[in-house]
Structure formats: structure tokens, C-alpha cells
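Novice: Quick one, what's the 3D model for this:
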Amino acid sequence: METEFTPFMSLLGGILIGIAATLLMAFHGRIAGMTGILAGLIPPLSPDWQWRAAFMGGAVISPLVYISAGGSIPFALPISTAALIFGGILVGIGVYLGSGCTSGHGVCGIARLSPRSIAATATFMVAAFATVYVIRHVIGGA
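Specialist: Predicted coordinates:
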């Protein structure tokens, strides 16, 4: 499976993520880290659960609005459900060990010039590059 190169859609998505992160910081003084936001919605609910629910709702509803407006989101899953679950568990462990996710560290932390976030994001990227290389060129998968 070949990765599709979508520079304009990627740029637009990045701009929207940056705007959302900036507005969340400006109006609520909070970092737009998806795992931290989601954690406040798991019982016991965080006292500020309302904005968290709105933020997560927007992340879920936005693609649906885009599709209903005539857009399309190509999606292919070339792995098994078991591999998807295993990958999700590994990501969850990494988020815990890294004290945050790529959105919190990569988007918001680097923007604040946080050394911890810069190191975490560099680690995420090296691990992602190595994983893609091994899967595509060593194992010979998708």
C-alpha cells in the first residue's frame, strides 16, 4: 500500500489544529493534548469536563460534517484487528511513559519551547521512522 501525498489537505489540517490549540490556551489556559483532555472525561469527571467534552465532540463531529458537505476521507486498514488493538495498547503505554501524547508535546510543547516536549517529540518521530522502515523494508508488510 502506497502512502498518498496530500500537501494541501495536510496543511489545512495543521492550520486548524494550530488554531484550536491556540484558542484553547488563550481561553482556558490549557494544553491541547488529546489524552489529557480525554482523561478528564473518564469517571470521576474532571470539574472542567464541559470544555473537554466540547473539544472531543468537535474532533469526532468535524469529519462527519466534512463528509456530509461532500468531502471524502480515503481510509484503508491493511492490518488485522488484533494488530490494531496491540498497537493501541503500545501507544497507551508510550503516552503514559512519555507523560503526554504527540498533540500535547508536538504541537503545544514545541510551541512553548519546552525541552521535555522537544525531546519527547524527537523520540516519537525516531520511533515512527524506525517502525515504518522495519514494517515496510525488513518484514515486508504493507
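Novice: And the spatially most central residue of the chain, what's its pLDDT?
Specialist: Nearest residue to the geometric centre of the chain (CA atoms, centre = their mean): residue 103, 5.3 Å. pLDDT, residue 103: 84.
Novice: quick one: it and residue 17 touch, right?
Specialist: Yes: assessed by CB atoms under 8 Å, residue 103 is found in contact with residue 17 at 7.4 Å. Just so you know, the C-beta spots here come from the backbone N, C-alpha and C atoms, and that holds for glycine as well.
Novice: residues shared between the contacts of those two?
Specialist: residue 32 (CB atoms under 8 Å, 6 or more residues apart in numbering).
Novice: Do me a favour and average the pLDDT over the lengthiest helix in the chain.
Specialist: With secondary structure taken from DSSP state H, the chain has its longest helix at helix 7-28. Helix 7-28 comes out with an average pLDDT of 91.
Novice: So which helix or strand of the chain has the lowest pLDDT on average?
Specialist: Lowest by mean pLDDT, DSSP states H and E among the helices and strands of the chain is helix 102, with a mean of 84.
Novice: which residues sit against it?
Specialist: For helix 102, with CB under 8 Å, 6+ apart as the criterion, the contacting residues are 121, 124.
Novice: again, only this time at 10 Å
Specialist: Identification of contacts with helix 102 by CB atoms under 10 Å, 6 or more residues apart in numbering yields 33-35, 91, 94-95, 109, 120-121, 124-125, 128.
Novice: Turn those into CSV, columns for neighbour count and secondary structure.
Specialist: Formatted as CSV, those follow (neighbours: other CB atoms under 10 Å; DSSP: H, G, I helix; E, B strand; the rest coil):
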residue, neighbour count, secondary structure
33, 24, coil
34, 17, helix
35, 17, helix
91, 13, helix
94, 16, helix
95, 19, helix
109, 22, helix
120, 23, helix
121, 20, helix
124, 16, helix
125, 12, helix
128, 11, helix
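Novice: Understood, closing this out.
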